[in-house]
Structures are given as structure tokens and as C-alpha cells.
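Participant: prediction below, plus the sequence it came from.
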Amino acid sequence: MLIAGFPAGAWGTNCYLVAPAAGEECVIIDPGHQAAQGVEEALKKHRLKPAAVVLTHGHIDHVASVVPVCGAHDVPAWIHPRDRYMLSDPEKALGRSIGMPLMGELTVGEPDDVKELTDGAKLELAGMEFSVAHAPGHTKGSVTFRLPEAADIPPILFSGDLLFAGSIGRTDLPGGDMDEMLDSLARVCLPLDDSTVVLPGHNEHTTIGRERATNPYLRQVAGGLGANPDAAPRRGI
């Protein structure tokens, strides 16, 4: 397994390229703001050929480079239908007073080939099987992608903005909902083995075991406290 990741653009969003090995087909996860050059550099370095782009959700910091990346390699983009509108209308999804310019140099819109994700789907891409879990809370169409344990490689969860090291995604933007977020954490994350490596949408990687022991939000849902306002802060990062 080869996973090449880098933080891209003004928001430092993690973009990942995943392949069975160097020199093979790959899947690109969340090519966000100013990610296109980094994607091309990683493709060249590891001699990879894109098979598809998959998106954990529709926020502009995760999808801003979808059109140029898909167009350059003639590959489809996969996104949950509840977030698809964000490809063409990112400002509607984020609100219009986030203190950072969104338009101008950004090319928004859908690539030529868009496919829709469903909860529980098994995507057979580039010789790998990605398990899809619908995980609303950060957005209505947020999903995670999971790769099973294989040989000496532990299971891997691409968590998007559901779960971070020590925190979760914010829920105060349009489409965000803390109750849905806590339900997604309980349903998607808690059943996973402690050895599962979490590769999030921002910041450093972690494991389910570490987050189960230290993350206040995961501890909250593990304790069956639901949306108890005293259990953890009401907003992630």
C-alpha cells in the first residue's frame, strides 16, 4: 500500500493519493484549494495513474481542485448527493463572512463525470476496496472511506472532517448539526478496531484507540452521554 498525503492551500486540507504500490493506478482523496500542483508532483514521484477522485464532503477547501484534476486525467469524481450542490455553489455551503476570499482564482463547478456515493457502498477502485459510510454532522453529505486490514497494514479510515486528532469538524456552518455529528461518531467510529489508523481532513494522523481514550467527543458518545452540553465543547475545529 502506498499513501502519499500533503496539506494543500490556505486551509491546509490534507489531500491523499492511495495506490496498491508505486507505479500503479491510484485514488485521489479531497483535492482541495491549490492542490493540483501537489497532486501532479506526487503522481510523477510515485509513477501513479489516477483512476478516480473521491470526496469526503463538498466544502471548498476539499473540492477546489476537483475540476482541474479530473479534467487533466479524464477521471470521475465521487461525492454524496447531499453535498453535490457545493461543487457549483461553494459560498452557499459556507456562508459569506468567513474572512477569506473564495472566488477569483478558484474554478468552481462540476467535472464532466460525477458519480454519487451511497452509505455502505463498496467502491472497487485502482485494485482496492473502499467502504463508504455516510457520516453527516459537519455537512449533510459527509462520508468516510475505509480500507480493510491487509498483510502488515492496519485498517485505515479517511475521516474527512468527521474526526480529527483530539477534536471533530465544526458544526456551525450551514448543514452542520452537532446531534448528527455525535450520532455519526458513535455509528461510524466507535465500532472500529483501536488499531485503525485515522487519516483526517486536517492536521496529523491518529488512531481510533488514541481517540477513544483521549478525544472528548468520542469519549462522550462512548459513555452514552449523547448531546449532553457539559460533556464536551459544542463546536469542533
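Facilitator: Received it, and whenever you're ready, just let me know what you need.

Participant: quick one, strands of this structure?
Facilitator: Listed in chain order, the strands of the chain (DSSP state E) span 2-8, 13-19, 25-29, 49-54, 77-79, 114-116, 122-125, 128-134, 143-147, 156-160, 163-164, 167-168, 197-200, 206-207.

Participant: looking at those, which is nearest to D177?
Facilitator: With respect to D177, and counting by Cβ to Cβ, the nearest of the strands of the chain is strand 167-168 at 12.1 Å. All C-beta spots, glycine's among them, are computed from the backbone N, C-alpha and C.

Participant: can you list the strands of the chain in a markdown table and add mean pLDDT, mean neighbour count and distance to C70?
Facilitator: Output for the strands of the chain, formatted as a markdown table (pLDDT from 0 to 100; neighbours: other Cβ atoms under 10 Å; distance: least, Cβ to Cβ, whole Å):
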| stretch | mean pLDDT | mean neighbour count | distance to C70 |
| --- | --- | --- | --- |
| strand 2-8 | 96 | 18 | 16 |
| strand 13-19 | 98 | 25 | 14 |
| strand 25-29 | 98 | 25 | 9 |
| strand 49-54 | 98 | 22 | 6 |
| strand 77-79 | 98 | 24 | 5 |
| strand 114-116 | 98 | 14 | 9 |
| strand 122-125 | 98 | 14 | 14 |
| strand 128-134 | 98 | 19 | 17 |
| strand 143-147 | 98 | 24 | 17 |
| strand 156-160 | 98 | 26 | 18 |
| strand 163-164 | 97 | 26 | 27 |
| strand 167-168 | 96 | 24 | 29 |
| strand 197-200 | 98 | 22 | 21 |
| strand 206-207 | 98 | 20 | 30 |
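
Participant: JSON lines please, covering those strands and showing distance to M178.
Facilitator: Shown next, in JSON lines, are those (distance: least, Cβ to Cβ, whole Å):
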{"stretch": "strand 2-8", "distance to M178": "26"}
{"stretch": "strand 13-19", "distance to M178": "22"}
{"stretch": "strand 25-29", "distance to M178": "25"}
{"stretch": "strand 49-54", "distance to M178": "26"}
{"stretch": "strand 77-79", "distance to M178": "23"}
{"stretch": "strand 114-116", "distance to M178": "26"}
{"stretch": "strand 122-125", "distance to M178": "29"}
{"stretch": "strand 128-134", "distance to M178": "17"}
{"stretch": "strand 143-147", "distance to M178": "18"}
{"stretch": "strand 156-160", "distance to M178": "17"}
{"stretch": "strand 163-164", "distance to M178": "14"}
{"stretch": "strand 167-168", "distance to M178": "9"}
{"stretch": "strand 197-200", "distance to M178": "18"}
{"stretch": "strand 206-207", "distance to M178": "21"}
